[in-house]
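A.B. asks: Structure of the sequence below:
(one chain, ligands or ions: 1)
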Amino acid sequence: MAEIDLGALRRNAQSLRAMMAEGPRPPQMFAVVKADAYGHGAVEVARALTGGEVDGFCVALVEEGIALREAGVREPVLVLSSMSRDALGEAVARGLTPVIHDPSLVEALAAVAQRGPVGVHLKVDTGLHRMGVTLDALPEVLKRLQALRGVSVEGVMTHFANADDDDPAYCDVQLAQFARARAMLAAHGLSPKMVHAANSAAALRLEHARFDMVRMGIALYGATPFPNTAPGLLPVMRLRTEVLALREVASGEPVGYGGRWRAGRRSVIATIPIGYADGFFRRLSSEAEVLVRGARARVVGNVSMDLATVDVTELARVHGVSVGDEVVLLGNQSGPAGFGVIRSEEIAERVGTIAYEVLTALSRRVPRVHRGHG
Ligand SMILES: Cc1ncc(COP(=O)(O)O)c(C=O)c1O
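C.D. replies: Next comes the predicted model:
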């Protein structure tokens with residue numbers, strides 16, 4: 001079960017808001033809730049942040065935006081990526097703000113604007129080279145946009161390639177390109193009221209990249225893009241299960257598929273009902289640690305589809321371990337053996353990935369329980 005602490009989420013949003021307010025002109029803050037709010041439940045997360053914690057939301061897909069509208073979310077919703085020609089009309093009809101990221105969308109926009117006024121954000125490729133109108137294509141796109149009736153370019157945006165790098169030099173290269181792009185807009189008589197570029201990492205460390213609005217994702221969920229930048233952030237997700245079965249194995253006995261781990265002594269093995277089909281990566285086999293009775297214990301043997309095995313020999317000897325005991329895979333736990341915390345960043349490092357993938361990999365079959373609706 002994944003427990004989602006909406007109170008912690010709100011506190012993170014408030015802390016981030018306070019950090020953003022340190023500059024001379026506090027930016028608006030949009031919460032990025034794509035991919036089911038990084039696995040936390042988009043509708044619940046959005047509802048929890050509609051008390052003024054954020055000014056709007058960003059999603060990747062039109063479908064994600066529609067789900068928010070159907071759940072009663074009234075704040076502005078920006079659709080960041082998959083904006084096809086067909087999706088454009090649907091997005092506008094649902095009161096979502098499309099991002100025009102490719103010249104091919106301008107023609108589709110003309111058709112949609114015949115039905116009524118449309119506000120859009122224009123995305124410029126300043127160096128990530130994935131999406132966005134290139135600077136070469138920009139003058140032509142601007143000319144065509146300018147000629148369109150009923151279309152207002154309310155925002156201009158870009159996205160950084162490596163704002164979380166130790167050396168943010170490439171951000172400056174991108175910012176220079178972004179300045180050129182904005183000058184081109186101005187030359188075409190376009191001055192969007194929302195200029196934005198920053199994800200969490202850029203918002204936290206590059207004050208000059210905050211502009212009018214920041215798009216805050218991972219930091220809201222309590223994972224820092226790099227250590228010590230925002231130490232007060234609280235992990236929002238706590239992933240827990242229970243000991244399903246316990247057994248003693250003799251020294252030298254193998255545990256799990258392929259017998260990849262063998263007991264080096266007489267050992268107590270706890271089986272837990274979570275596996276790679278839940279998003280507990282197979283790469284964590286004999287790598288991850290979990291919390292039992294407040295202390296760390298190592299996952300041993302191969303993680304299988306539905307189950308994993310944990311060496312609880314020492315804990316069982318000193319504190320006792322029983323079937324039904326809580327096992328925490330992500331988040332904190334206190335118990336007779338102490339207090340421990342496992343963060344998504346730690347799991348990411350063990351797997352060789354990033355916290356984003358750890359959080360979004362948690363599959364649908366893991367029930368989400370939201371607390372602190374407050
Ligand atoms: C365009 C865009 N902006 C903002 C974000 C949020 O990034 P982060 O989670 O690093 O804050 C993302 C996420 O990938 C994105 O694609």
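A.B. asks: Helix or strand: which one has Ala181?
C.D. replies: helix 169-187 (DSSP states H and E).
A.B. asks: Not counting its own residues, what contacts that helix?
C.D. replies: 122, 124, 126-128, 135, 138-139, 142, 153, 156, 158, 160-163, 191-192, 195, 197, 202, 206, 208-209 (CB atoms under 8 Å, 6 or more residues apart in numbering). Every C-beta, even on glycine, is put in place using the N, C-alpha and C of the backbone.
A.B. asks: Return the subset of the residues you listed lying in helices.
C.D. replies: Counting by DSSP state H, those place Leu138, Pro139, Leu142, Ala202 in helices.
A.B. asks: Quick check: chain neighbours aside, which residue is closest to the second one?
C.D. replies: If I follow you right, that is Pro139. Distances taken as CB to CB, 6 or more residues apart in numbering put Met184 closest to Pro139, at 6.3 Å, once the chain neighbours are dropped.
A.B. asks: rewinding a little: tell me which of the ones in helices among the contacts of helix 169-187 is nearest to the ligand?
C.D. replies: Ala202 (8.3 Å; CB to the nearest ligand atom).
A.B. asks: okay, now the closest one: neighbour count?
C.D. replies: Other residues within reach of Ala202, judged by other CB atoms under 10 Å, total 25.
A.B. asks: Can you give me the domain assignment for the protein?
C.D. replies: Per automatic domain parsing, the domain ranges recorded for the chain read 2-221, 237-371.
A.B. asks: okay, how far is it across the last one, tip to tip?
C.D. replies: Meaning domain 237-371. One end of domain 237-371 to the other measures 10 Å (CA to CA, to the nearest Å).
A.B. asks: Check the offset of that domain from the chain's centre.
C.D. replies: On the basis of CA atoms, centre = their mean, to the nearest Å, domain 237-371 sits 23 Å off its chain's mean C-alpha point.
A.B. asks: Tell me the residues of this structure that contact the ligand?
C.D. replies: Within reach of the ligand by CB under 6 Å from any ligand atom, the chain has these residues: Val32, Leu80, His159, Asn199, Ser200, Ala201, Arg215, Met216, Gly217, Ile218, Ala219, Pro225.
A.B. asks: Pull out the buried positions in stretch 51-64.
C.D. replies: For stretch 51-64, burial by neighbour count (16 or more other CB atoms under 10 Å) applies to Glu53, Val54, Asp55, Gly56, Phe57, Cys58, Val59, Ala60, Leu61, Val62, Glu64.
A.B. asks: Name the surrounding residues that touch it.
C.D. replies: 10, 13-14, 17, 28-35, 42, 46, 49, 65, 68, 73, 75-83, 87, 90-91, 94, 96, 213, 215-217.
A.B. asks: For that stretch, the averaged confidence score.
C.D. replies: Averaging pLDDT along stretch 51-64 yields 96.
A.B. asks: What is the end-to-end distance of that stretch?
C.D. replies: Note: stretch 51-64 ends 21 Å apart using CA to CA.
A.B. asks: so where is the protein shaky, pLDDT-wise?
C.D. replies: Within the chain, the stretches with pLDDT under 70 are 227-230, 374.
A.B. asks: Just give me the longest strand of the protein.
C.D. replies: Longest strand in the chain, counting residues (DSSP state E): strand 326-335.
A.B. asks: contacts for that strand?
C.D. replies: 2-3, 235, 237-243, 270, 272, 274, 280, 288, 290-295, 310, 319, 339-344, 347, 358.
A.B. asks: Please flag which of the residues you listed sit within helices.
C.D. replies: Using DSSP H, the contacts of strand 326-335 in helices are Ser344, Ile347, Val358.
A.B. asks: right, and out of these, which lies closest to Val249?
C.D. replies: Nearest to Val249, judged by CB to CB, of the ones in helices among the contacts of strand 326-335 is Ile347 at 25.9 Å.
A.B. asks: Now do the contacts for that closest one.
C.D. replies: So Ile347 contacts Phe281, Leu284, Ala288, Leu329, Leu330, Ala355, Val358 (CB under 8 Å, 6+ apart).
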